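Participant: Got a sequence here, can you model it:
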Amino acid sequence: MAILAYQSLVSEVQLAPKPGLVDPDSNGAHDDMDYPLFLKSIAALKVYLVAYIEAGYQSTSEQQLFLALRQIGQEAENQMLLATNQINTHKGANFSYALILGAIGRASQTLTLSELVNLNFKPVFAIVRDMTKGLVSRDFSQIASKVQLSYGEQLYVEYGFTGIRGEAEAGYPSLEYVALPTLQKYRMLPEDDRHLILMLTLMTEVQDMNLVHRGGIDGWQMVQKAATVILQETDNMLLVKRKLRQLDTELIEAHLSPGGTADLLSLGIFFERLIQYSMRIKKA
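Facilitator: Numbering: from 1, shown residues only. So this is what the prediction gives:
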């Protein structure tokens, strides 16, 4: 499973064209990141993907697991930053992969992968909800006394946005109710086309803190509207890709990067790989 998680991170960065994001053809709206840097970052995280699953498999309770994942996750983040010269390439992805992989490990104490697939991974999302219950209120409880706020904290104060913390505490509804059904709906399309449609769908749905941070509410909503328009052309994927390249140019000029979407896109690809692996095991 850790190999599939690693491959999903690589597949996300290899996917192109992705407006505003890093891929092999474009650095998107980033002056300090490129494709080789992302591969270094993913390589630094690889060993920790195994550790997250192991922690889940050996866990004794959801709260004990959450504390263990936080400790491992901090070490993983430090190694990622060391590999990228302190550039934050996968902080959000590392947070979410820790929770999801830890939850899969814990669920695997009693359920096989095939059983998890048949249950649409609902036990995994339930474990994440149990682990992160109260996360938003705990993490933001000290805001009033802080002199300097992170941009996530600033967006919570200004707009009430909870970002990836809220997504986690709700058990990743963007994965359960958006990503998995979208991948199922377009399962007959070539893989890259299917993943580009998933990216666009997530752009229309996700509360993307990276976009809000860089472009405010207007920037975030502009990307949502552009993605909605492009999604109307999915019968012609050549046209979709041409419009995605045009949008990439617009987002580079506007310095907008839908990084929150990218993190959930890679996790959506991961769940798809788990389903495909389960099907191969059944046929063997």
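Participant: Now the helix or strand Asn78 falls within: average pLDDT?
Facilitator: Per DSSP states H and E: Asn78 is located in helix 62-83. Averaged over helix 62-83, pLDDT sits at 97.
Participant: and it, what other elements does it pack with?
Facilitator: helix 35-57, helix 91-107, helix 122-131 (3 or more Cβ pairs under 8 Å, 6 or more residues apart in numbering; DSSP states H and E). (Glycine included, C-beta is placed from N, CA and C.)
Participant: Residues contacting the first one, please?
Facilitator: Pointing back at helix 35-57 there. With Cβ atoms under 8 Å, 6 or more residues apart in numbering as the test, helix 35-57 has contacts from 1-2, 5-6, 9-10, 13, 22-24, 27, 65, 68-69, 72-73, 75-76, 79-80, 82-84, 87, 89-90, 94, 97-98, 101-109.
Participant: repeat that for 7 Å
Facilitator: Residues outside helix 35-57 that contact it (Cβ atoms under 7 Å, 6 or more residues apart in numbering) are 1-2, 5-6, 9-10, 13, 22-24, 65, 68-69, 72, 76, 79-80, 83-84, 87, 89-90, 94, 97-98, 101-106, 108-109.
Participant: on that earlier part again, out of the helices and strands packed on helix 62-83, nearest to Glu153?
Facilitator: With respect to Glu153, and counting by Cβ to Cβ, the nearest of these is helix 91-107 at 14.5 Å.
Participant: Am I right that His90 is in contact with Gln79?
Facilitator: No - assessed by Cβ atoms under 7 Å, His90 is found out of contact with Gln79, at 10.7 Å.
Participant: Those two: who's more crowded?
Facilitator: His90 (26 against 18; other Cβ atoms under 10 Å).
Participant: which among the contacts of helix 35-57 end up buried?
Facilitator: 1-2, 5-6, 9-10, 13, 22-23, 65, 68-69, 72, 76, 79-80, 83-84, 89-90, 94, 97-98, 101-106, 108 (16 or more other Cβ atoms under 10 Å).
Participant: what about the closest residue to Ser26 other than its chain neighbours, helix or strand, and which?
Facilitator: Nearest in space to Ser26, with sequence neighbours left out and distances taken as Cβ to Cβ, 6 or more residues apart in numbering, is Asp248 at 5.9 Å. Here Asp248, judged by DSSP H and E, is contained in helix 237-254.
Participant: Quick one: distance of that helix to the chain centre.
Facilitator: 21 Å (Cα atoms, centre = their mean, to the nearest Å).
Participant: related to what we said a few turns ago, could I get the helices and strands packed on helix 62-83 in TSV, plus columns for mean pLDDT and distance to Asp208?
Facilitator: Conversion of those to TSV gives the following (pLDDT from 0 to 100; distance: least, Cβ to Cβ, whole Å):
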stretch	mean pLDDT	distance to Asp208
helix 35-57	97	18
helix 91-107	97	10
helix 122-131	97	20
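Participant: what about Lys40, distance to Leu267?
Facilitator: Using Cβ to Cβ, to the nearest Å, one obtains 20 Å as the distance from Lys40 to Leu267.
Participant: can you pull the buried residues of the helix holding Asp248?
Facilitator: Buried-residue list, helix 237-254, by 16+ other Cβ under 10 Å: 237, 240-241, 243-244, 247-248, 251-252, 254.
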